[in-house]
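Peer 1: compute the structure for the input listed below.
(chains A, B, C and D)
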4 protein chains.
Amino acid sequence: MIIIMHSHVTDEEIQGVVNQLKSLDLEANISRGIERTIIGAIGDERKVHKKSLQALPGVDSVIRVVKPYKIVAREWHEADTVIDIKGIPIGGKTIQIIGGPCSVETQSQMDLAAEGVANAGCTLMRGGAFKPRTSPYSFQGKGVEGLKMFRQAADPHNLPIVTELMDVRFLDDFLKHGVEVIQIGTRNMQNFDLLKEVGKIHTPVVLKRGICATLSEWLMSAEYIAAGGNHNIILCERGVRSFEKAYRNMLDITAIPVLKKETHLPVIVDPSHAGGDATLVPALSKAAIAAGADGLLIEMHPTPCDAWCDADQALTPDSLKGLIDELRGIAQVIGRDI
Amino acid sequence: MIIIMHSHVTDEEIQGVVNQLKSLDLEANISRGIERTIIGAIGDERKVHKKSLQALPGVDSVIRVVKPYKIVAREWHEADTVIDIKGIPIGGKTIQIIGGPCSVETQSQMDLAAEGVANAGCTLMRGGAFKPRTSPYSFQGKGVEGLKMFRQAADPHNLPIVTELMDVRFLDDFLKHGVEVIQIGTRNMQNFDLLKEVGKIHTPVVLKRGICATLSEWLMSAEYIAAGGNHNIILCERGVRSFEKAYRNMLDITAIPVLKKETHLPVIVDPSHAGGDATLVPALSKAAIAAGADGLLIEMHPTPCDAWCDADQALTPDSLKGLIDELRGIAQVIGRDI
Amino acid sequence: MIIIMHSHVTDEEIQGVVNQLKSLDLEANISRGIERTIIGAIGDERKVHKKSLQALPGVDSVIRVVKPYKIVAREWHEADTVIDIKGIPIGGKTIQIIGGPCSVETQSQMDLAAEGVANAGCTLMRGGAFKPRTSPYSFQGKGVEGLKMFRQAADPHNLPIVTELMDVRFLDDFLKHGVEVIQIGTRNMQNFDLLKEVGKIHTPVVLKRGICATLSEWLMSAEYIAAGGNHNIILCERGVRSFEKAYRNMLDITAIPVLKKETHLPVIVDPSHAGGDATLVPALSKAAIAAGADGLLIEMHPTPCDAWCDADQALTPDSLKGLIDELRGIAQVIGRDI
Amino acid sequence: MIIIMHSHVTDEEIQGVVNQLKSLDLEANISRGIERTIIGAIGDERKVHKKSLQALPGVDSVIRVVKPYKIVAREWHEADTVIDIKGIPIGGKTIQIIGGPCSVETQSQMDLAAEGVANAGCTLMRGGAFKPRTSPYSFQGKGVEGLKMFRQAADPHNLPIVTELMDVRFLDDFLKHGVEVIQIGTRNMQNFDLLKEVGKIHTPVVLKRGICATLSEWLMSAEYIAAGGNHNIILCERGVRSFEKAYRNMLDITAIPVLKKETHLPVIVDPSHAGGDATLVPALSKAAIAAGADGLLIEMHPTPCDAWCDADQALTPDSLKGLIDELRGIAQVIGRDI
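Peer 2: Next up, the predicted model:
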């Protein structure tokens, strides 16, 4: 930790910082420059509250020199993490495409969806039984009944299922119905009690980025899960909020190479929620693969115009199949496969 | 609802929209302009998914003409809502100042804090027993034991207590310990299951704005609580995320007059979390009162430098008292009192 | 134009709007819905100030139904614009890579740079003789002398040059030295007097996006140039400002497919300024090509560590060459070439 | 300057940084911590490019310890700057209100406006003769003829005039017509050639904040003017771009106390452009004064509904007068006057 003092700092103020550091079991290294005095704190800074130093007299700013996350950091674990989901690896050379509808509606819709997903070349299936909706008057999902429908639709195609958990009270149902991948949604990225619960099990977790979360906050949320013992974490970039009104969210493509440096966890992208528009999905999907994503989470609906939510962002089964064919070419060029 | 068609729209596409509207029990009013054809949908648009129309061929964009929220809207309830908390009104002519530490640490810290809060002129006390922390390695709060300490400290001063609920599983404890005001924090503004639970009781709720939530999303979260039957909702602006790095969050002062037009609910401001720095609290507090806020939520700690979290944003008991005296003058000028 | 009236609107207020529309040569179409009255204005709304209607009593909001830009809109010109720069087409099937240093430093630096650029497979060369720098104490560019050095370095390789014009007073020098492509930088995207001047000539213009400009504002700036008669406009996405601190700017990859729908102008991407870090350039370049960009503007310096500005974002000649080879593969997969 | 090295840094990499620092006339202080090695650079870091160090092998990040601005910094000039404009002080105990229309339209409009402004209690008058408009098809201002009308209207009331300069080529006209305060608009905050030109004269300058400018960038733009010799600079906060759609811009009220710490220059606020709506002006004006602003720039039009631009954000003469009376009360409470 580095403590930069104000320009007119007094010896007394410097001593105050040194004393505080000592009480925190840190050594102080004082360096008096021409315009500023700087104090380096030597020791394990992760235990120290930056703010308890910032409040001291004479302190201008406090800068951490080590990352706040540890288990999820590339620095501590150099090799890529590859997560095995019933034999399907996420995070390795092969890129996985997860397809499916926004929400579970009916058994026949799910059956058709599963068939479309499998035919298109997807290896996992997505679908929401519990839906986080901005309005209390919107369809809130089929709940546990939806989990059953999903299971029944996916099993004949051997598709592991990915579905969102919003409330700790339903975790047992998720385990009971053998959900292979639990999704933690955007709005719950910092629902720390939920993160702690999924940290206690070993089911792989897709952790979506909060709508305005920094990469550091997102990795700290992953660290919550990892600290509990569950290291099977897949990060999912899904667009962030910006000033632009021409489309829904701004896909943060730069996050992909930056995360690949910072963490060993797999990174996938949801182009459907990012753009909020089916016509944007092909360009965003290609960009994500080209930038190094380990997978995609794409919305597909047997009949998009009839979808009960997010109708205009779902692809048809045919268009998803066509897109995956194109993506395969890009994957090959960059030395991967789909 | 207004549906704006593409410039080269066909009669078939127009008919498609009309048919879809009919199936949704809405009438269509077609208006052919020089450059665009526009279709007005007449009927109750709250039932209709904007997106199920947006996905139809020939549609350029769909615009709602009524607000998505209803119970919380000023349009439906013209008079200001005044919430009674053990005889203390929030939302009326009198501005209430809620003071207290970021987190409950020890009984003696809380006892001193309660004394400071009462002496300064605050009418309610804040303090966190359950703390949402970005890092899993940071102090997570005293939990239920903290609720007891808080209760014991506040009661001798007749201070109703305001404290954050993060997990539905602790709601019973909150009720058991007679928490007078439940705070829903920034990170849980769209934790819809939590909102539904506090919607089922009648305890007043302080609903903090999400770090990047639009006013419309925030009011929709309030609508979730209200739709359950709990109309005792206090909105709390606490700064939003921006590109600026010179301070922590950007206090959205404009939100105050805009909310006052849009909703009848009381609006308070948290200048401590907004600026993230005790030296900014006086200016932000004065601005909030001048702009029409119904109250403030200010961090105060008996000995700020020793605080276990957010040390550099807490005022001392004396500085809080001095600030409230200044605020009283501003309140009088704008026809209110403290 | 659609005028949505307040819920408690009076007949008098409706009549006021109708009268105002008549005075603006527009016809009014009144539609009384269940909750709202809506007035459609029929006629050429481009002449009308939205705000002169918004200020009228009883008006809730005013919505435009046609785009504010015309010459640059795809709606008015369906085919892609292909700009010919000394025989090099921008905007057609072939993707062009423009390489070169951030700034012109010395003749030998530029000679080496030109050689590297040509060898790598670039077809145009970039370099700044006039530099917009945040600090008045930073190197401000070589000025007119720099243009001469640039010319002398590029000509032996038949590389047309792309260089930034910051001040209308230097336009004659740019023309005198035969600058083939004039760059209007991020900070000048809404320097309307500068836009008007480059609108009067026929030299192709690279118009960079403002650091926080919406796509609509950016297209309006292009319309400024086009309205003057210069239709040779190339849009350059270079990242926008966001809340994220882990890298410099957020590359708006979604802007590419959205612009391709909205406008017929070529769209290129500057991955160097977007990420602000040479190690991010390969991933961002691949993503941009995969998403449909018509070209790239990449920083390359013969010896990056010695660069006088933006040292850490420049590629070496070798790494640029290697990158272009990879990009060629992606271009082929999506049916284009480099 | 502090250089933080990667965790697996080699001795060779450390030596590389030390050598680079030496070549820049800086001394190196090496501190080896448990997890990181940190190198402190001692000497005048303002001459050094952060990026030329960041690009070196083994470097993780580089942090400046001194501010990039100097003349405008409070650190270098402790007392508040008070600017004298024909006897009217800006930056002292008295708060100045600058009123007037968005744009100069006709002589009679300006005559009425000047009368209204003077009657309301304003001490300076604003109005645009050159208008930066997003659309090339919108009214672009009356130009030099407008300056004359403005002069003629303001003189009988002894109102110094504040008006925007967009193009260096018109500076002589501004001087010829005795413009007392030159406004540099939001879109030109980083038009460095324009800043350099107004830095060469002594006419006071109102420097508006860029739509997305950080406080540091804004102060650097002020430093450009100051570096040229013109220290008569007034900073004007006018709202920044955000994700919120419920109003035009987000007024950054926190900027006021932060700027007051960072700089000795006066800070005023433009509540009209911030909110973009006349009904928001009173709340934002009160908040700005309460937070410590030295003045306000408020739009007023004799007949707002007829205004040629920004009709819905102008106050009437009467409402401006009423507002200033209210503001006077707040000024007194905080120990100032209007």
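
Peer 1: and the angle for the strand or helix carrying A:Gly322 with helix C:317-333?
Peer 2: In this structure, A:Gly322 sits in helix A:317-333 according to DSSP states H and E. Interaxial angle of helix A:317-333 relative to helix C:317-333 (axes from the mean of the first three to the mean of the last three Cα atoms, to 10 degrees): 150 degrees.

Peer 1: touching chain C at all, helix A:317-333?
Peer 2: Yes - shown here: helix A:317-333 in contact with chain C (Cβ under 8 Å from any Cβ of the partner chain) through A:326, A:329-330, A:332-333. Using the backbone N, CA and C atoms, a C-beta is placed for each residue, glycine as well.

Peer 1: before we move on, what about stretch A:279-299?
Peer 2: Yes - using Cβ under 8 Å from any Cβ, we find that stretch A:279-299 touches chain C at A:279-280, A:282-284, A:286-292.

Peer 1: can you give me the neighbour number for A:Glu27?
Peer 2: 13 (other Cβ atoms under 10 Å in any protein chain shown).

Peer 1: got it, and A:Asp318?
Peer 2: With other Cβ under 10 Å as criterion, A:Asp318 counts 12.

Peer 1: again with the one 5 residues further on
Peer 2: A:Leu323: 23 surrounding residues under other Cβ under 10 Å.

Peer 1: what packs against the worst-scoring helix or strand of chain A on mean pLDDT?
Peer 2: The helix or strand of chain A with the poorest confidence is helix A:50-54; it has a mean of 78 (mean pLDDT, DSSP states H and E). Under the contact criterion of 3 or more Cβ pairs under 8 Å, 6 or more residues apart in numbering or on different chains; DSSP states H and E, helix A:50-54 touches helix A:11-23, strand A:59-63.

Peer 1: would you check that A:Thr163 makes contact with A:Phe150?
Peer 2: Yes - using Cβ atoms under 8 Å, A:Thr163 is in contact with A:Phe150, at 6.4 Å.

Peer 1: overlap in contacts of these two?
Peer 2: Here A:Thr163 and A:Phe150 have A:127, A:129 as joint contacts, going by Cβ atoms under 8 Å, 6 or more residues apart in numbering or on different chains.

Peer 1: ramachandran coordinates for the residue nearest to A:Leu165 when sequence neighbours are not counted?
Peer 2: Counting by Cβ to Cβ, 6 or more residues apart in numbering or on different chains, A:Ile182 is the residue found nearest to A:Leu165 once chain neighbours are left out, at 5.0 Å. With angles defined as degrees, to the nearest 10, A:Ile182 sits at phi -90, psi 130.

Peer 1: A:Leu297 now?
Peer 2: The phi/psi pair for A:Leu297 (degrees, to the nearest 10) is phi -120, psi 100.

Peer 1: and if you look at the one 4 residues further on?
Peer 2: Here is the backbone geometry of A:His301 (degrees, to the nearest 10): phi -140, psi 140.

Peer 1: how deep is it tucked in, by neighbour count?
Peer 2: A:His301: 31 surrounding residues under other Cβ under 10 Å.

Peer 1: one step back: CA atoms only for the least confident helix or strand of chain A - export them in CSV, please.
Peer 2: The C-alpha trace of helix A:50-54 is given here as CSV (Å, rounded to 0.1, in the frame of the first residue of the first chain):
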residue,chain,number,x,y,z
LYS,A,50,-7.8,1.7,2.7
LYS,A,51,-10.3,4.0,4.2
SER,A,52,-8.9,3.8,7.7
LEU,A,53,-5.7,5.3,6.4
GLN,A,54,-7.4,7.8,4.1
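
Peer 1: what's that helix in contact with?
Peer 2: So helix A:50-54 is in contact with A:1, A:3, A:17, A:20-21, A:59, A:61-62, A:64, B:305-307, B:309-313, going by Cβ under 8 Å, 6+ apart.

Peer 1: which strand or helix spans A:Met125?
Peer 2: Per DSSP H and E: strand A:124-126 holds A:Met125.

Peer 1: touching, A:Glu299 and A:Ile98? I think so.
Peer 2: No - with contacts defined as Cβ under 8 Å, A:Glu299 does not count as touching A:Ile98, sitting 10.0 Å away.

Peer 1: those two: who's more crowded?
Peer 2: Higher neighbour count among A:Glu299 and A:Ile98: A:Ile98, with 29 against 26, using other Cβ under 10 Å.

Peer 1: surely A:Ser7 touches D:Ala73?
Peer 2: No - contact criterion Cβ under 8 Å: A:Ser7 and D:Ala73 do not qualify, at 9.6 Å.

Peer 1: is the helix holding A:Gly322 anywhere near chain B?
Peer 2: No - using Cβ under 8 Å from any Cβ, helix A:317-333 stays clear of chain B, with a minimum separation of 13.0 Å.

Peer 1: what about the helices in the stretch 201-338 of chain A?
Peer 2: A:215-227, A:255-262, A:271-275, A:281-291, A:317-333 (DSSP state H, counting those that start in this stretch).

Peer 1: what does the shortest one rub up against?
Peer 2: Applying Cβ under 8 Å, 6+ apart, the set of residues contacting helix A:271-275 from outside is A:186, A:237-239, A:247-251, A:278, A:280-281, A:284-285, A:288, A:296-299, A:310, A:313-315, C:254, C:257.

Peer 1: was I right about A:Ile14 contacting A:Ile38?
Peer 2: No - using Cβ under 8 Å, A:Ile14 is not in contact with A:Ile38; the gap is 10.3 Å.

Peer 1: between those two, which contacts overlap?
Peer 2: Common neighbours of A:Ile14 and A:Ile38 (Cβ under 8 Å, 6+ apart) are A:5, A:30.

Peer 1: pick out whichever of these two has more residues nearby.
Peer 2: Between A:Ile14 and A:Ile38, counted using other Cβ under 10 Å, A:Ile38 has the larger neighbour count: 23 against 19.

Peer 1: gap between the more buried one and D:Lys261?
Peer 2: 20 Å (Cβ to Cβ, to the nearest Å).

Peer 1: who are the contact partners of the residue in the stretch 201-338 of chain A positioned nearest to chain B?
Peer 2: Across the stretch 201-338 of chain A, the shortest distance to chain B (Cβ to the nearest Cβ) belongs to A:Cys212, at 3.3 Å. Taking Cβ under 8 Å, 6+ apart, we find A:Cys212 in contact with A:240-241, B:211-212, B:241, C:243, D:243.

Peer 1: again with A:Ile39
Peer 2: A:Ile39 neighbours (Cβ under 8 Å, 6+ apart): A:2-3, A:5, A:14, A:17-18, A:21, A:28-31.

Peer 1: can you flag the buried ones in those?
Peer 2: A:2-3, A:5, A:14, A:17-18, A:21, A:28-29, A:31 (16 or more other Cβ atoms under 10 Å in any protein chain shown).

Peer 1: in JSON lines, list those along with pLDDT and distance to A:Leu124.
Peer 2: Putting the buried ones among the contacts of A:Ile39 into JSON lines (pLDDT from 0 to 100; distance: Cβ to Cβ, whole Å) gives the following:
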{"residue": "A:Ile2", "pLDDT": "84", "distance to A:Leu124": "45"}
{"residue": "A:Ile3", "pLDDT": "88", "distance to A:Leu124": "48"}
{"residue": "A:Met5", "pLDDT": "88", "distance to A:Leu124": "54"}
{"residue": "A:Ile14", "pLDDT": "92", "distance to A:Leu124": "57"}
{"residue": "A:Val17", "pLDDT": "90", "distance to A:Leu124": "52"}
{"residue": "A:Val18", "pLDDT": "91", "distance to A:Leu124": "55"}
{"residue": "A:Leu21", "pLDDT": "88", "distance to A:Leu124": "50"}
{"residue": "A:Ala28", "pLDDT": "86", "distance to A:Leu124": "52"}
{"residue": "A:Asn29", "pLDDT": "82", "distance to A:Leu124": "51"}
{"residue": "A:Ser31", "pLDDT": "79", "distance to A:Leu124": "53"}
